[in-house]
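Peer 1: Take this sequence and fold it.
(one chain, ligands or ions: 2)
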Amino acid sequence: MSEASGCMQRLRGSAAAAQGGKTCRGLTRGGSPAAMPLVRPPQARRALAFALLLAACVSGALIPEPEVKVEVLSKPFICQRKTKLGDMLLMHYSGFLDKDGTMFHSSHKQNNGQPIWFTLGIKETIQGWDRGLQNMCAGEKRKLTIPPVYAYGKKGKGKIPPESIVIFEIELLEIRNGPRSHDSFMEMDLNDDWKLSRDEVRHYLRKEFEKYGVPQNETHQENLVKDIFDHEDEDHDGFISSREFTYKHDEL
Ligand SMILES: [Ca+2]
Ligand SMILES: [Ca+2]
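Peer 2: Ligands and ions are numbered 1, 2, ... in the order given. Here you go, the predicted model:
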């Protein structure tokens, strides 16, 4: 982007120099080899320089930046929440090769046709998913066209040849707070002091166990709390800060 605008600025400056600040008309005619004298006057040299710069800018503009192309195939009428980094997404997906449409994987065919859970923004699978599945509603269907750099790259994988552009059709069924999302932290931080005490973590675990019908076991829970603090309380101050808790998102 910045290179393109820099290019445009240089072009403008160069055009002004070649044309005395007027128009670009006649540049191509004047720049044709037949019309060019052996010793070029300064004006012609400037015109040639401008033409070369123009060619460089145009060819630069023709090399597209690799991006994930997102097409929304259908969207639900009501969308209460959109996906964000750290969320857990329940989804069905099918993957195809762009070059001939071969399907290389589909959640409808594998794992008894069960949808999969995927955590957004932590490089769990390919980067193309992290990039292409943000701001999505439950019930939405998308088609992602993913360049190799955000898919399986130079090596490829299994049925996917090296340097393949891949297409995924994805249906998002459900969005849940990821275990490390900001929302989960807020839910756990009962006294809103932006850090989690052992009591707050204990309370949260009890609630979660209750929700999923897991039998409550004090010793097990205490071990879990200890384990969590051992791993997460990096500065050993007895609290898990929001910084310690939340995913440290890598640059996608
Ligand atoms: Ca707290
Ligand atoms: Ca801490």
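Peer 1: pull the CA atoms of stretch 75-84 into PDB?
Peer 2: Listed next in PDB are the C-alpha coordinates belonging to stretch 75-84 (Å, rounded to 0.1, in the frame of the first residue of the first chain):
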ATOM      1  CA  LYS A  75     -25.600 -14.800   6.700                       C
ATOM      2  CA  PRO A  76     -28.300 -15.300   9.400                       C
ATOM      3  CA  PHE A  77     -30.900 -12.600   9.800                       C
ATOM      4  CA  ILE A  78     -30.000 -12.200  13.500                       C
ATOM      5  CA  CYS A  79     -26.400 -11.900  14.600                       C
ATOM      6  CA  GLN A  80     -25.900 -11.300  18.300                       C
ATOM      7  CA  ARG A  81     -22.300 -11.900  18.400                       C
ATOM      8  CA  LYS A  82     -19.400 -12.000  16.000                       C
ATOM      9  CA  THR A  83     -16.200 -14.000  16.200                       C
ATOM     10  CA  LYS A  84     -13.100 -12.500  17.600                       C
END
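Peer 1: Buried residues, that stretch. List them.
Peer 2: 83-84 (16 or more other CB atoms under 10 Å). All C-beta spots, glycine's among them, are computed from the backbone N, C-alpha and C.
Peer 1: Please enumerate residues in contact with that stretch?
Peer 2: Stretch 75-84 has contacts (CB atoms under 8 Å, 6 or more residues apart in numbering) with 89, 120-121, 133-141, 172, 175, 181.
Peer 1: 6 Å instead, please
Peer 2: Judged by CB atoms under 6 Å, 6 or more residues apart in numbering, the contacts made with stretch 75-84 from elsewhere in the structure are 120, 134-137, 139-140, 175.
Peer 1: Kindly report the same for stretch 118-135.
Peer 2: 68, 70, 82-83, 85-89, 144, 146, 150-151, 178, 249, 252.
Peer 1: now stretch 139-151
Peer 2: Contacts for stretch 139-151 (CB under 6 Å, 6+ apart): 66, 68-76, 126-128, 132, 163-172.
Peer 1: where along the stretch 151-252 of the chain do the helices fall?
Peer 2: In the stretch 151-252 of the chain, the helices defined using DSSP state H, counting those that start in this stretch lie at 182-188, 198-211, 218-232, 242-245.
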